[in-house]
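*Asks:* Kindly generate the corresponding structure for this input.
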Amino acid sequence: MSAAQAQARGATLRTLTPTEAAWVAGLGEAIAPPAREAGLVPYLDHHLSVPPAESLLALRYLDVAPPYLDFYRPALASLARLHGTVPPPSGDPRWTAILAALLAPDPAGWQGPPGGFFLFAMRLDAVDVAYGTKAGFERLGVDYLGHIDPETAW
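*Replies:* All right, here's what the predicted structure looks like:
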């Protein structure tokens, strides 16, 4: 099943906590709508649970050493500590400040990778899920011209 199908069916989390999943969904939506609906949470959760050589996360191509959860978990925990365990709803103006803070020098108490690098990796995964599939190309009104027809989005 695709990431969007897993999202629509309420896929059970394997690796992410509910708070982490909420932050992933919120960040994805703030970065690349409609990443939430396209299945960013099940996509990320799935690829954090497979062997690193099978993962399609951007981190694999950025030469980040596995386990990849060690990259995401501290940053997501920092966001929850700094901005609350429940992220703002989609479209809330607080997202602008949260994204800007990730691009600034890391605030006191930040743990994990540098905020800008974390945002970069999240952006790559969110854009890939939201727009890197046939459905994503349709959303953009662009013909899908992939040289390989993917069996699934994940």
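*Asks:* other SSEs contacting the lengthiest helix in the chain?
*Replies:* In the chain, assigned by DSSP state H, the helix with the most residues is helix 115-131. Packing partners of helix 115-131 (3 or more C-beta pairs under 8 Å, 6 or more residues apart in numbering; DSSP states H and E): helix 18-31, helix 35-38, helix 40-49, helix 58-61, helix 69-83, helix 94-103, helix 134-140. For the C-beta atoms, the positions are set from N, CA and C on the backbone; glycine is no exception.
*Asks:* Just the buried positions in stretch 86-96, please.
*Replies:* Neighbour counts over stretch 86-96 (16 or more other C-beta atoms under 10 Å) mark 87, 95 as buried.
*Asks:* Extract the CA atoms of that stretch and return them as CSV.
*Replies:* Taking Å, rounded to 0.1, in the frame of the first residue of the first chain, the C-alpha atoms of stretch 86-96 are listed here in CSV:
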residue,chain,number,x,y,z
VAL,A,86,0.7,19.4,20.7
PRO,A,87,1.9,21.2,17.6
PRO,A,88,-0.2,24.1,16.2
PRO,A,89,-2.9,23.3,13.8
SER,A,90,-2.3,23.6,10.0
GLY,A,91,-2.3,27.1,8.8
ASP,A,92,-1.6,28.6,12.3
PRO,A,93,0.7,31.6,12.0
ARG,A,94,3.0,30.1,14.7
TRP,A,95,4.3,27.7,12.1
THR,A,96,6.2,30.6,10.4
